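Q: sharing a sequence plus its predicted fold:
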Amino acid sequence: MISCKQASEYLLRREEGKLPFSKRIQLLQHMAICGLCRLFHRQSRLVKQCTSQACEHCEDQLSETEKQQLIRQLQQQL
Amino acid sequence: MQYSDQLLRYALPRVNDKATAKDLVQETFLAAWRNLDQFRGEISEKNWLFTILKNKIIDHFRKAVNRLTDSLPPATGDEPYFDENGHWAASGSPKDWGAQYQNPVETREFYEVLGRCKSRLKNIQNAVFTMKYMDGLESEQICKELNITPSNYWVLLHRAKLQLRSCLEKNWFTEE
(Lines give C-alpha, C1' and ligand atoms only; values in the text may rest on other atoms or scores of the structure.)
Protein backbone atom coordinates (compact mmCIF):
# COMPACT_ATOMS: atom_id res chain seq x y z
CA MET A 1 0.00 0.00 0.00
CA ILE A 2 1.39 3.37 -0.92
CA SER A 3 1.83 6.04 1.74
CA CYS A 4 -0.13 9.28 2.03
CA LYS A 5 2.92 11.17 0.83
CA GLN A 6 3.10 9.05 -2.28
CA ALA A 7 -0.64 9.39 -2.79
CA SER A 8 -0.38 13.17 -2.69
CA GLU A 9 2.38 13.04 -5.30
CA TYR A 10 0.43 10.60 -7.47
CA LEU A 11 -2.62 12.87 -7.35
CA LEU A 12 -0.59 15.63 -8.96
CA ARG A 13 0.63 13.42 -11.75
CA ARG A 14 -2.80 11.99 -12.34
CA GLU A 15 -4.13 15.52 -12.88
CA GLU A 16 -1.93 15.79 -15.94
CA GLY A 17 -2.60 12.27 -17.11
CA LYS A 18 0.97 11.33 -16.30
CA LEU A 19 0.38 8.53 -13.85
CA PRO A 20 1.05 5.01 -15.18
CA PHE A 21 -1.80 2.54 -14.96
CA SER A 22 -0.35 0.43 -12.15
CA LYS A 23 0.16 3.52 -9.99
CA ARG A 24 -3.35 4.74 -10.75
CA ILE A 25 -4.65 1.50 -9.28
CA GLN A 26 -2.46 1.90 -6.21
CA LEU A 27 -3.75 5.45 -5.81
CA LEU A 28 -7.38 4.35 -6.05
CA GLN A 29 -6.78 1.66 -3.45
CA HIS A 30 -5.23 4.17 -1.09
CA MET A 31 -7.95 6.78 -1.62
CA ALA A 32 -10.63 4.18 -0.96
CA ILE A 33 -9.42 3.68 2.59
CA CYS A 34 -7.76 6.96 3.53
CA GLY A 35 -10.13 9.71 4.62
CA LEU A 36 -7.32 12.24 5.11
CA CYS A 37 -6.13 11.87 1.54
CA ARG A 38 -9.67 12.19 0.28
CA LEU A 39 -9.95 15.38 2.30
CA PHE A 40 -6.65 16.62 0.92
CA HIS A 41 -7.82 15.90 -2.62
CA ARG A 42 -11.08 17.84 -2.20
CA GLN A 43 -9.32 20.75 -0.57
CA SER A 44 -6.63 20.83 -3.26
CA ARG A 45 -9.32 21.07 -5.90
CA LEU A 46 -10.83 24.06 -4.15
CA VAL A 47 -7.44 25.75 -3.85
CA LYS A 48 -6.81 25.21 -7.56
CA GLN A 49 -10.18 26.64 -8.46
CA CYS A 50 -9.66 29.73 -6.32
CA THR A 51 -6.16 30.28 -7.64
CA SER A 52 -7.39 30.36 -11.21
CA GLN A 53 -10.01 32.93 -10.22
CA ALA A 54 -7.66 35.10 -8.21
CA CYS A 55 -7.09 37.55 -11.04
CA GLU A 56 -10.76 38.39 -11.30
CA HIS A 57 -10.70 39.48 -7.68
CA CYS A 58 -7.65 41.65 -7.87
CA GLU A 59 -8.69 45.25 -7.35
CA ASP A 60 -5.34 46.93 -7.12
CA GLN A 61 -4.54 49.88 -9.27
CA LEU A 62 -1.85 52.46 -9.77
CA SER A 63 -2.45 55.77 -8.08
CA GLU A 64 -2.51 58.94 -10.16
CA THR A 65 0.91 59.80 -8.77
CA GLU A 66 2.29 56.44 -9.85
CA LYS A 67 0.79 56.83 -13.30
CA GLN A 68 2.30 60.29 -13.68
CA GLN A 69 5.64 58.93 -12.55
CA LEU A 70 5.43 56.20 -15.15
CA ILE A 71 4.61 58.71 -17.88
CA ARG A 72 7.55 60.88 -16.85
CA GLN A 73 9.89 57.89 -17.00
CA LEU A 74 8.61 56.99 -20.45
CA GLN A 75 9.15 60.54 -21.63
CA GLN A 76 12.71 60.46 -20.35
CA GLN A 77 13.34 57.56 -22.67
CA LEU A 78 12.58 59.67 -25.71
CA MET B 1 -1.64 54.26 -19.77
CA GLN B 2 -5.28 53.27 -19.91
CA TYR B 3 -4.27 49.62 -19.56
CA SER B 4 -1.91 50.12 -16.63
CA ASP B 5 -4.42 48.96 -14.01
CA GLN B 6 -5.41 45.90 -16.03
CA LEU B 7 -1.77 45.01 -16.48
CA LEU B 8 -1.16 45.45 -12.76
CA ARG B 9 -4.11 43.21 -11.92
CA TYR B 10 -2.71 40.55 -14.20
CA ALA B 11 0.80 40.72 -12.77
CA LEU B 12 0.09 41.08 -9.07
CA PRO B 13 -1.67 37.74 -8.33
CA ARG B 14 1.16 36.06 -10.22
CA VAL B 15 4.20 37.66 -8.64
CA ASN B 16 2.57 38.32 -5.25
CA ASP B 17 4.40 41.56 -4.62
CA LYS B 18 3.06 44.99 -5.57
CA ALA B 19 6.46 46.58 -6.05
CA THR B 20 7.54 43.80 -8.40
CA ALA B 21 4.23 43.97 -10.25
CA LYS B 22 4.59 47.74 -10.70
CA ASP B 23 8.14 47.31 -12.01
CA LEU B 24 6.96 44.73 -14.52
CA VAL B 25 4.16 47.02 -15.72
CA GLN B 26 6.66 49.85 -16.08
CA GLU B 27 9.07 47.64 -18.00
CA THR B 28 6.21 46.58 -20.23
CA PHE B 29 5.42 50.15 -21.21
CA LEU B 30 9.09 50.94 -21.73
CA ALA B 31 9.56 47.88 -23.95
CA ALA B 32 6.40 48.72 -25.89
CA TRP B 33 7.59 52.29 -26.40
CA ARG B 34 11.07 51.23 -27.51
CA ASN B 35 9.68 48.65 -29.90
CA LEU B 36 6.86 50.69 -31.32
CA ASP B 37 8.16 50.10 -34.83
CA GLN B 38 7.58 46.37 -34.36
CA PHE B 39 3.94 46.89 -33.57
CA ARG B 40 2.22 46.47 -36.84
CA GLY B 41 -1.34 46.69 -35.64
CA GLU B 42 -1.99 43.03 -36.40
CA ILE B 43 -3.17 42.55 -32.86
CA SER B 44 -4.74 45.12 -30.60
CA GLU B 45 -2.63 47.44 -28.48
CA LYS B 46 -3.99 45.75 -25.40
CA ASN B 47 -3.04 42.25 -26.54
CA TRP B 48 0.39 43.49 -27.52
CA LEU B 49 0.98 45.00 -24.09
CA PHE B 50 -0.23 41.83 -22.41
CA THR B 51 2.06 39.71 -24.58
CA ILE B 52 5.02 41.80 -23.49
CA LEU B 53 3.94 41.59 -19.85
CA LYS B 54 3.52 37.81 -19.98
CA ASN B 55 7.05 37.46 -21.30
CA LYS B 56 8.36 39.80 -18.61
CA ILE B 57 6.67 37.68 -15.95
CA ILE B 58 8.25 34.51 -17.33
CA ASP B 59 11.64 36.26 -17.36
CA HIS B 60 11.05 37.22 -13.75
CA PHE B 61 10.27 33.61 -12.86
CA ARG B 62 13.31 32.37 -14.78
CA LYS B 63 15.59 34.57 -12.69
CA ALA B 64 14.24 32.95 -9.53
CA VAL B 65 14.92 29.55 -10.99
CA ASN B 66 18.38 30.34 -12.35
CA ARG B 67 19.89 29.86 -8.96
CA LEU B 68 18.82 26.22 -8.94
CA THR B 69 21.39 23.63 -9.78
CA ASP B 70 20.42 20.10 -10.72
CA SER B 71 19.13 19.22 -7.32
CA LEU B 72 16.64 21.21 -5.35
CA PRO B 73 17.40 22.42 -1.86
CA PRO B 74 15.73 20.15 0.66
CA ALA B 75 12.32 21.16 1.97
CA THR B 76 12.86 23.56 4.83
CA GLY B 77 11.26 21.23 7.33
CA ASP B 78 9.46 24.02 9.11
CA GLU B 79 6.25 22.34 8.08
CA PRO B 80 6.51 18.55 8.39
CA TYR B 81 3.47 17.34 6.51
CA PHE B 82 4.38 13.67 6.63
CA ASP B 83 6.04 11.48 9.21
CA GLU B 84 8.93 9.15 8.49
CA ASN B 85 6.51 6.51 7.20
CA GLY B 86 4.89 8.87 4.76
CA HIS B 87 1.65 9.16 6.74
CA TRP B 88 0.13 12.56 7.40
CA ALA B 89 1.79 14.03 10.50
CA ALA B 90 -0.56 15.33 13.18
CA SER B 91 0.53 18.94 12.70
CA GLY B 92 0.36 18.85 8.93
CA SER B 93 -2.65 16.71 8.17
CA PRO B 94 -5.76 18.13 6.51
CA LYS B 95 -8.49 19.27 8.90
CA ASP B 96 -12.18 19.39 8.23
CA TRP B 97 -13.09 22.72 6.67
CA GLY B 98 -16.73 22.25 7.56
CA ALA B 99 -19.38 24.42 6.03
CA GLN B 100 -16.81 26.87 4.66
CA TYR B 101 -15.80 24.35 2.06
CA GLN B 102 -19.29 24.06 0.69
CA ASN B 103 -19.77 27.75 0.04
CA PRO B 104 -18.05 29.29 -2.91
CA VAL B 105 -15.39 31.67 -1.75
CA GLU B 106 -16.14 34.97 -3.34
CA THR B 107 -15.04 37.49 -0.79
CA ARG B 108 -12.29 40.01 -1.23
CA GLU B 109 -10.90 39.09 2.20
CA PHE B 110 -10.43 35.50 1.12
CA TYR B 111 -8.45 36.53 -1.93
CA GLU B 112 -6.30 38.78 0.21
CA VAL B 113 -5.51 35.79 2.44
CA LEU B 114 -4.86 33.65 -0.64
CA GLY B 115 -2.51 36.35 -1.93
CA ARG B 116 -0.62 36.45 1.34
CA CYS B 117 -0.34 32.66 1.47
CA LYS B 118 0.87 32.57 -2.10
CA SER B 119 3.46 35.24 -1.33
CA ARG B 120 4.93 32.92 1.29
CA LEU B 121 5.81 30.32 -1.30
CA LYS B 122 9.42 30.24 -2.34
CA ASN B 123 9.86 32.08 -5.63
CA ILE B 124 10.59 28.92 -7.56
CA GLN B 125 7.56 27.15 -6.10
CA ASN B 126 5.39 30.14 -6.88
CA ALA B 127 6.67 30.25 -10.45
CA VAL B 128 5.72 26.65 -11.14
CA PHE B 129 2.41 26.88 -9.29
CA THR B 130 1.38 30.10 -11.04
CA MET B 131 2.31 28.91 -14.51
CA LYS B 132 0.34 25.74 -14.01
CA TYR B 133 -2.78 26.91 -12.19
CA MET B 134 -3.12 30.50 -13.31
CA ASP B 135 -1.77 30.25 -16.82
CA GLY B 136 -2.84 26.67 -17.48
CA LEU B 137 0.48 25.58 -18.92
CA GLU B 138 1.42 21.92 -19.23
CA SER B 139 4.40 20.53 -17.36
CA GLU B 140 6.53 20.23 -20.50
CA GLN B 141 6.03 23.89 -21.35
CA ILE B 142 6.81 24.97 -17.80
CA CYS B 143 9.97 22.85 -17.69
CA LYS B 144 11.05 24.30 -21.01
CA GLU B 145 10.35 27.93 -20.09
CA LEU B 146 12.01 27.68 -16.71
CA ASN B 147 14.71 25.25 -17.79
CA ILE B 148 14.04 22.75 -15.02
CA THR B 149 13.87 18.98 -15.07
CA PRO B 150 10.52 17.16 -14.84
CA SER B 151 11.59 15.75 -11.52
CA ASN B 152 12.26 19.27 -10.18
CA TYR B 153 8.89 20.34 -11.53
CA TRP B 154 6.97 17.66 -9.62
CA VAL B 155 8.80 18.31 -6.38
CA LEU B 156 8.25 22.08 -6.60
CA LEU B 157 4.59 21.75 -7.49
CA HIS B 158 4.03 19.24 -4.73
CA ARG B 159 5.62 21.45 -2.10
CA ALA B 160 3.75 24.50 -3.34
CA LYS B 161 0.42 22.73 -3.17
CA LEU B 162 1.01 21.33 0.31
CA GLN B 163 2.12 24.68 1.62
CA LEU B 164 -0.68 26.70 0.08
CA ARG B 165 -3.38 24.34 1.26
CA SER B 166 -1.95 24.31 4.74
CA CYS B 167 -1.62 28.10 4.89
CA LEU B 168 -5.21 28.61 3.75
CA GLU B 169 -6.40 26.07 6.26
CA LYS B 170 -4.68 27.86 9.13
CA ASN B 171 -5.58 31.37 8.05
CA TRP B 172 -9.04 31.03 6.64
CA PHE B 173 -10.84 27.73 6.75
CA THR B 174 -10.28 26.86 10.37
CA GLU B 175 -10.03 30.30 11.88
CA GLU B 176 -12.29 30.92 14.86
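A: Okay, I see it.
Q: straight-line length of stretch B:80-94, end to end?
A: One end of stretch B:80-94 sits 12 Å from the other (C-alpha to C-alpha, to the nearest Å).
Q: which of the residues in it are buried?
A: Going by neighbour count (16 or more other C-beta atoms under 10 Å in any protein chain shown), the buried part of stretch B:80-94 is B:81-83, B:86, B:88-89, B:93-94. C-betas here are computed from N, CA, C, even on glycine.
Q: which elements pack onto the helix ranked longest in chain A?
A: If you go by DSSP state H, chain A has its longest helix at helix A:35-53. Contacts defined by 3 or more C-beta pairs under 8 Å, 6 or more residues apart in numbering or on different chains; DSSP states H and E place helix A:35-53 against helix A:4-15, helix A:21-33, helix B:98-102, helix B:108-119, helix B:123-133, helix B:150-168.
Q: for these, which one sits closest to B:Ala31?
A: Counting by C-beta to C-beta, B:Ala31 lies closest to helix B:123-133 out of the helices and strands packed on helix A:35-53; the figure is 20.5 Å.
Q: I'd like the mean pLDDT over the closest one, please.
A: Helix B:123-133 comes out with an average pLDDT of 94.
Q: rewinding a little: so which of the helices and strands packed on helix A:35-53 is nearest B:Gln2?
A: Nearest to B:Gln2, of all the helices and strands packed on helix A:35-53, is helix B:108-119, at 24.0 Å by C-beta to C-beta.
Q: which strands or helices does the closest one pack on?
A: helix A:35-53, helix B:4-15, helix B:123-133, helix B:150-168.
Q: what comes up buried for it?
A: By neighbour count on 16+ other C-beta under 10 Å, the buried set for helix B:108-119 is B:110-111, B:113-115, B:117-118.
Q: give me the angle between that helix and helix B:4-15.
A: 50 degrees (axes from the mean of the first three to the mean of the last three C-alpha atoms, to 10 degrees).
Q: surely B:Ala11 is in contact with B:Ile57?
A: Yes - with contact defined as C-beta atoms under 8 Å, B:Ala11 reaches B:Ile57; the gap is 6.3 Å.
Q: neighbour count: those two, which is higher?
A: More crowded of B:Ala11 and B:Ile57, by other C-beta atoms under 10 Å in any protein chain shown: B:Ala11, with 27 against 22.
Q: give the contact list for that one.
A: Neighbouring residues of B:Ala11 by C-beta atoms under 8 Å, 6 or more residues apart in numbering or on different chains: B:20-21, B:24-25, B:53, B:57.
Q: do that again at 6 Å, thanks
A: B:21, B:24 (C-beta atoms under 6 Å, 6 or more residues apart in numbering or on different chains).
Q: distance check, it against A:Asp60.
A: Distance of B:Ala11 to A:Asp60, given as C-beta to C-beta, to the nearest Å: 9 Å.
Q: one more: A:Cys37?
A: 36 Å.
Q: and B:Trp88, backbone torsions?
A: phi -60, psi 130 (degrees, to the nearest 10).
Q: quote the end-to-end distance of stretch B:138-152.
A: End-to-end distance for stretch B:138-152, by C-alpha to C-alpha: 14 Å.
Q: just name the closest of the buried residues of helix B:108-119 to chain A, please.
A: Distances from chain A to the buried residues of helix B:108-119, taken as C-beta to the nearest C-beta, are shortest for B:Tyr111 (4.1 Å).
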